[in-house]
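Chemist: My questions are about this predicted structure, shown below with the sequence.
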Amino acid sequence: MIGQVPPSRHARRGGGGGKRRNIIIAAIAVVVVAIAAVVVVVVRSGGNANTTGFVPSGSSPEQDAQQTTTAFLQAWQTGDLNQAARYTDQPGVAQAALVNYRKYLHLSKLTGTAQSATPVSGGGTRESVTFGVNATVADADGTGALHGTWSYHSKLTAYAKPNSNLWYIAWAPDVLAPNLTKSTHLAAVKVAPQVAQVSDTSGKDITTYQDAGLTKLASLLGQQAPPGRGTPGLNVEIQSAAGKAVENSQAAIIAPNNIPNLTTTIDPTAEAAAQAAVTMHKGSSIVVIQPSTGKILAIANNAGFNNFALTAKVAPGSTMKIITSAALISSGVLTASSAVACPSAYTVQGITYHNDNNETLPAGTPFVTDFAQSCNNAFSVQWPHLSGGGLARAAKKYFGLNQPWNIGIPGVSGSYFNAPASASGSELAQEAFGEGQLTASPLAMASVAATVSTGTFKQPILLPGTKQLTATPLPASTVDQLKQMMQAVVSSGTAAGVGFGPGVYAKTGTADIQGQEQPNSWLVAFEPAKDVAVACLVVNAGYGAQFAGPEAKAFLDRY
C-alpha cells in the first residue's frame with residue numbers, strides 16, 4: 001500500500017492539482033499514523049503482544065540474543081510458563097516440557113542469567129547463548145521434603161526471523177538442561193545412605209565368607225541403610241517416560257551421610273560351623289536361628305551361586321509334619337499318645353498314596369511313633385480335620401508363616417513358605433505329609449524348629465532392632481507333645497542313627513521331586529541348652545537322615 005502512493009511530482013499534472021494534492025497528503029498522513037501506531041504497539045509490548053517471539057532492542061545480534069534469552073528466563077522464573085514458551089518456535093511442546101520440569105523437580109524457586117552469546121554458522125542471524133540456572137528442587141511436595149539447590153549451565157540458540165524484527169528461541173528438549181530428549185524428563189530423587197561394609201557380630205565383613213547368600217545380603221544392605229541410620233541425600237537425574245533413571249545421569253545436590261559399617265546378627269562361630277557342615281555335600285544349605293530372639297546366626301550354602309538357604313521354594317517333606325501335628329494337637333483332634341494307624345496305601349479322590357517301602361503301622365500305634373517313624377499315611381488320613389484352610393491357618397497362627405517377612409533389608413520382604421489355604425481332598429492329604437503345592441526354604445523350617453523350642457514364634461531377623469511379626473504362642477501342652485515327638489525321632493525314630501545327643505530334638509524329611517533323580521533331603525533340629533535351631537536342605541540327594549542329618553549334627557557338634 002505504501003509503495004502505491006504516487007510521487008509528489010505526479011500530483012502537479014492536470015487541472016485539478018490543488019484538490020488532488022490535499023487528498024494525497026491526507027492519505028500519506030493516514031499511512032504514517034498507521035505505521036506509527038504499529039511501531040508504538042510493538043515497542044511498548046516488549047514482545048508480549050505478539051503471539052510468539054520477542055522484539056529485542058540491542059545494538060548487535062549478540063545483544064539481541066541475550067535479551068531474548070533474558071526474557072525467556074524471566075518468564076520461566078516468575079512461573080509464567082505460557083509466556084516463556086511463546087518466546088520459542090514450538091510453544092506447545094516447550095510449555096509441556098516446562099511444566100514437567102516444575103512437576104518432577106518439585107520446583108520452588110528458579111533464577112536464570114543469560115551469559116555469553118556467539119554466532120552460529122549455517123545461514124541467517126543465529127546466536128548460541130549460554131545461561132546459568134539456580135533451581136531449588138525437592139524430592140516431594142509439602143513438609144518433610146528434602147530441598148536443595150541445583151546450579152548448572154545450559155545453552156540455547158536464538159535467531160532472528162527473516163524480514164522481521166522478531167527473535168525466537170529454537171526449541172529443543174536440551175534447552176532446559178543438557179542431555180534431555182523428547183522422551184525423558186528431569187526428576188529430583190532422595191538418595192538413601194549407603195553402607196560401606198556389612199559385618200558379622202565380630203566386625204568381620206560378611207562377604208569374606210564367600211557365601212552366595214551372605215554376599216547377596218551384603219549387596220542389598222549396602223545399597224540402602226536401615227531407617228534411622230545415616231541421612232539421605234538428594235540427586236537430580238534424567239528419567240525415561242516410565243520413571244526409570246537414565247544410567248550415569250545423576251547430579252548430586254546433597255550428598256548422603258553414609259554408614260561405614262553395619263553389624264548383622266551373623267555369629268562368626270555359628271557361621272564357621274555351618275560353613276564347615278555344608279562342605280559335606282554339594283547342593284547343601286543351612287540356616288541357623290537363635291530361638292529366644294529370632295536372630296539369624298548363620299547362613300551357609302554349598303550350591304555354587306545359589307542361595308538355597310533363603311531362596312529355595314521346594315516341598316519341605318516330612319519336616320512339615322511338625323506343623324501338621326501342631327494343627328491336629330492344638331485343635332484337640334489328636335494327642336501324642338492317640339492311636340493312629342498308618343496304612344501302607346491310602347486313596348482319596350482317586351489318588352493313592354503309598355508309604356515308602358510300603359511301610360505300615362497297626363491301628364494301635366501311638367501318634368508319637370507315627371511321627372518318629374515318619375509314616376506318611378498316618379498324616380494323609382487326617383486331611384478332613386485340616387480342611388477349610390486349617391493347615392495353612394495353623395502355619396500362620398502359630399509359626400508366623402504364609403506371610404512376607406522383612407528380615408532387615410530395607411524395602412525388601414520375602415515369603416519363605418507357602419501353604420495354599422484352598423487345599424482340600426487329595427491335595428491336602430499330600431500336604432499333610434509335606435508335599436503337593438507346599439513350598440519352603442531352610443529359613444522358614446529353621447524358624448519352625450525354633451518356634452517349638454521356645455513355644456513362641458520370633459520372626460527371623462538379620463539386623464538387630466528390625467521390627468518382627470508376631471504370632472499366637474503354641475499352647476503349652478502342644479509344645480510339650482511336639483518336643484516329646486521330636487525327641488522320639490532322635491532316640492528311636494528316623495534320626496536315631498545320626499548320633500544326636502539326648503538334648504537334641506529333630507525331624508527328618510525326604511521330599512520326592514518330579515523329574516529329579518533323587519529326593520531332597522531335609523532335617524530340622526533344635527538344642528535348647530545352646531539356644532539354637534537349625535535347618536539343613538540337601539537337594540537331589542536322598543533320605544533326610546542320610547544326608548541332611550549328618551550335616552546338622554556336624555554343625556551342632558562344632559557350635
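Modeler: Sure, I can see it.

Chemist: so where do the strands sit in the stretch 401-550 of the chain?
Modeler: Applying DSSP state E, counting those that start in this stretch to the stretch 401-550 of the chain gives strands spanning 417-418, 439-440, 505-511, 520-527, 532-538.

Chemist: So which of the ones you listed has the densest surroundings on average?
Modeler: Most buried of the strands of the stretch 401-550 of the chain, by mean neighbour count (mean count of other C-beta atoms under 10 Å): strand 532-538, with a mean of 32. The way it works is simple: take the backbone N, C-alpha and C, and place the C-beta from them, glycine included.

Chemist: quick revisit: JSON lines for the strands of the stretch 401-550 of the chain, including distance to Asp557 and mean pLDDT?
Modeler: Listed next are those as JSON lines, based on distance: least, C-beta to C-beta, whole Å; pLDDT from 0 to 100:
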{"stretch": "strand 417-418", "distance to Asp557": "28", "mean pLDDT": "98"}
{"stretch": "strand 439-440", "distance to Asp557": "25", "mean pLDDT": "98"}
{"stretch": "strand 505-511", "distance to Asp557": "14", "mean pLDDT": "97"}
{"stretch": "strand 520-527", "distance to Asp557": "11", "mean pLDDT": "98"}
{"stretch": "strand 532-538", "distance to Asp557": "12", "mean pLDDT": "98"}
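
Chemist: Make CSV from these and add distance to Ala298 to it.
Modeler: What follows is these, written out as CSV (distance: least, C-beta to C-beta, whole Å):
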stretch, distance to Ala298
strand 417-418, 19
strand 439-440, 18
strand 505-511, 17
strand 520-527, 14
strand 532-538, 8
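
Chemist: how about those, which one is nearest Ala471?
Modeler: Nearest of the strands of the stretch 401-550 of the chain to Ala471, taken as C-beta to C-beta: strand 417-418 at 12.6 Å.

Chemist: what separates Ile522 from Lys483, distance-wise?
Modeler: That one is not Ile; residue 522 is Trp. Noted for Trp522: a distance of 19 Å to Lys483, by C-beta to C-beta, to the nearest Å.

Chemist: for Thr311, same thing?
Modeler: In terms of C-beta to C-beta, Thr311 sits 30 Å off from Lys483.

Chemist: now Ala506
Modeler: Per C-beta to C-beta, Ala506 is found 11 Å from Lys483.

Chemist: just Trp383 next, same as before
Modeler: For Trp383, the distance to Lys483 (C-beta to C-beta) stands at 25 Å.

Chemist: which of these two has more neighbours?
Modeler: Trp383 (24 against 17; other C-beta atoms under 10 Å).

Chemist: Find me the pLDDT at the more buried one, would you?
Modeler: What the model reports as pLDDT for Trp383 is 98.

Chemist: Contacts only, for it.
Modeler: 348, 424-425, 428-429, 432 (C-beta atoms under 8 Å, 6 or more residues apart in numbering).

Chemist: Could you rerun that using 10 Å?
Modeler: Residues in contact with Trp383 (C-beta atoms under 10 Å, 6 or more residues apart in numbering) are 324, 346, 348, 390-391, 423-433.

Chemist: which pair in those residues spans the largest distance?
Modeler: Longest distance between any two of these is 18.6 Å, between Tyr346 and Gly390; criterion C-beta to C-beta.

Chemist: what about the strands in the stretch 51-200 of the chain?
Modeler: Counting by DSSP E, counting those that start in this stretch, one finds strands in the stretch 51-200 of the chain at the ranges 109-119, 126-138, 147-160, 167-170, 184-191, 198-199.

Chemist: can I get those in JSON lines with distance to Asn100?
Modeler: Converted to JSON lines, the strands of the stretch 51-200 of the chain look like this (distance: least, C-beta to C-beta, whole Å):
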{"stretch": "strand 109-119", "distance to Asn100": "14"}
{"stretch": "strand 126-138", "distance to Asn100": "13"}
{"stretch": "strand 147-160", "distance to Asn100": "15"}
{"stretch": "strand 167-170", "distance to Asn100": "18"}
{"stretch": "strand 184-191", "distance to Asn100": "5"}
{"stretch": "strand 198-199", "distance to Asn100": "38"}
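
Chemist: how many other residues sit next to Ala446?
Modeler: By other C-beta under 10 Å, neighbour count at Ala446 equals 32.

Chemist: And Thr472, by the same measure?
Modeler: Thr472: 14 neighbours (other C-beta under 10 Å).

Chemist: ok, for it, nearest residue in space, not its chain neighbours?
Modeler: The shortest distance from Thr472 to any non-neighbouring residue, by C-beta to C-beta, 6 or more residues apart in numbering, is to Lys397 (5.2 Å).

Chemist: Doesn't that neighbour belong to a helix?
Modeler: Yes: secondary structure assignment (DSSP: H, G, I helix; E, B strand; the rest coil) places Lys397 inside a helix.

Chemist: For Ser331, see how far away it is.
Modeler: 11 Å.

Chemist: Which one of these two is surrounded by more residues?
Modeler: Neighbour totals were compared for Lys397 and Ser331, and Lys397 leads with 18 against 14 (other C-beta under 10 Å).

Chemist: residues touching the more buried one, list them.
Modeler: Lys397 makes contact with 326-327, 330, 390, 457, 471-472, 474, according to C-beta under 10 Å, 6+ apart.

Chemist: Relative to Ser330, how far out is it?
Modeler: 9 Å.

Chemist: Now for the two: what residues contact both?
Modeler: Shared contacts of Lys397 and Ser330 (C-beta under 10 Å, 6+ apart): 472, 474.

Chemist: How many residues are close by Asp356?
Modeler: Neighbours of Asp356 using other C-beta under 10 Å come to 14.

Chemist: what do you get for Ala421?
Modeler: Each residue near Ala421 was counted by other C-beta under 10 Å, and the total is 15.

Chemist: correct me, but it touches Glu427?
Modeler: No: if you go by C-beta atoms under 10 Å, Ala421 and Glu427 don't touch, sitting 11.6 Å apart.

Chemist: Can I get stretch 315-327 as PDB, trimmed to CA atoms?
Modeler: Provided in PDB are the C-alpha atoms of stretch 315-327 (Å, rounded to 0.1, in the frame of the first residue of the first chain):
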ATOM      1  CA  ALA A 315       8.500 -79.100  49.300                       C
ATOM      2  CA  PRO A 316       9.500 -79.400  53.000                       C
ATOM      3  CA  GLY A 317       8.900 -83.100  53.100                       C
ATOM      4  CA  SER A 318       8.200 -84.700  56.400                       C
ATOM      5  CA  THR A 319       9.500 -81.700  58.300                       C
ATOM      6  CA  MET A 320       6.100 -80.300  57.600                       C
ATOM      7  CA  LYS A 321       4.700 -82.900  59.900                       C
ATOM      8  CA  ILE A 322       5.700 -80.600  62.800                       C
ATOM      9  CA  ILE A 323       3.100 -78.100  61.600                       C
ATOM     10  CA  THR A 324       0.500 -80.800  60.800                       C
ATOM     11  CA  SER A 325       0.900 -82.200  64.300                       C
ATOM     12  CA  ALA A 326       0.600 -78.800  65.900                       C
ATOM     13  CA  ALA A 327      -2.600 -78.200  64.000                       C
END
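
Chemist: Report the contact partners of Gly408.
Modeler: Gly408 sits in contact with 217, 220-221, 226, 262, 264-265, 296, 460-468, where contact means C-beta under 10 Å, 6+ apart.

Chemist: Could you say which one of the strands of the stretch 51-200 of the chain comes nearest to Tyr101?
Modeler: strand 184-191 (6.1 Å).
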